[in-house]
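S.K.: Give me a model of this one.
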Amino acid sequence: MALGMVEELRSVIADRFVLTLINKKMVDSSGFNQKENGAVIMDEDTRKLFLSQWQLKKQEVITHPFLGEKVEWGMVPYVQAMLLARYLRGDLDEYPPFFWK
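M.R.: Here you go, the predicted model:
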């Protein structure tokens, strides 16, 4: 169930975040090393940049499309989990999926 909830947010949060780093040329192929066995490893500088940008992204404030309240991106998975819990308890008639423009 947890993976199903994360999948709902994958394209909105994770995919957009990674594509933004690529489009802004903050991350490129030079930040990765290919090993002899074919594995691709992120180098230390790219990892630090990625994690610092991720922390900043989680602090951005949005207006939740269902609740109409201001929420940090980092809290969206928690809010969606609480909405699912309300639906399972019968407090909501249906689960409101997170749709972002």
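
S.K.: Just the pLDDT for Leu92.
M.R.: Per-residue pLDDT puts Leu92 at 96.

S.K.: residues in contact with the residue nearest to Met26 when sequence neighbours are not counted?
M.R.: Distances taken as Cβ to Cβ, 6 or more residues apart in numbering put Leu49 closest to Met26, at 6.3 Å, once the chain neighbours are dropped. C-beta: built from backbone N, CA, C; applies to glycine. Going by Cβ atoms under 8 Å, 6 or more residues apart in numbering, Leu49 touches 21, 26-27, 31.

S.K.: So which of those residues sit within helices?
M.R.: Among the contacts of Leu49, the residues falling in helices (DSSP state H) are Leu21.

S.K.: Can you tell me which of the contacts of Leu49 lies closest to Ile62?
M.R.: Leu21 (18.7 Å; Cβ to Cβ).

S.K.: ok, that closest one - contacts?
M.R.: By Cβ under 8 Å, 6+ apart, the contact list for Leu21 reads 27, 49-50, 53.

S.K.: try 10 Å
M.R.: Residues near Leu21 by Cβ atoms under 10 Å, 6 or more residues apart in numbering: 27-28, 31, 46, 49-50, 53-54, 57.

S.K.: same deal with Trp100?
M.R.: 9, 11-13, 16, 62, 64-65, 76.

S.K.: got the residues you listed as a markdown table, with pLDDT, secondary structure and neighbour count columns?
M.R.: Putting these into a markdown table (pLDDT from 0 to 100; DSSP: H, G, I helix; E, B strand; the rest coil; neighbours: other Cβ atoms under 10 Å) gives the following:
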| residue | pLDDT | secondary structure | neighbour count |
| --- | --- | --- | --- |
| Leu9 | 92 | helix | 17 |
| Ser11 | 91 | helix | 11 |
| Val12 | 91 | helix | 15 |
| Ile13 | 92 | helix | 20 |
| Arg16 | 95 | helix | 13 |
| Ile62 | 96 | strand | 13 |
| His64 | 97 | coil | 17 |
| Pro65 | 95 | coil | 12 |
| Val76 | 96 | helix | 19 |
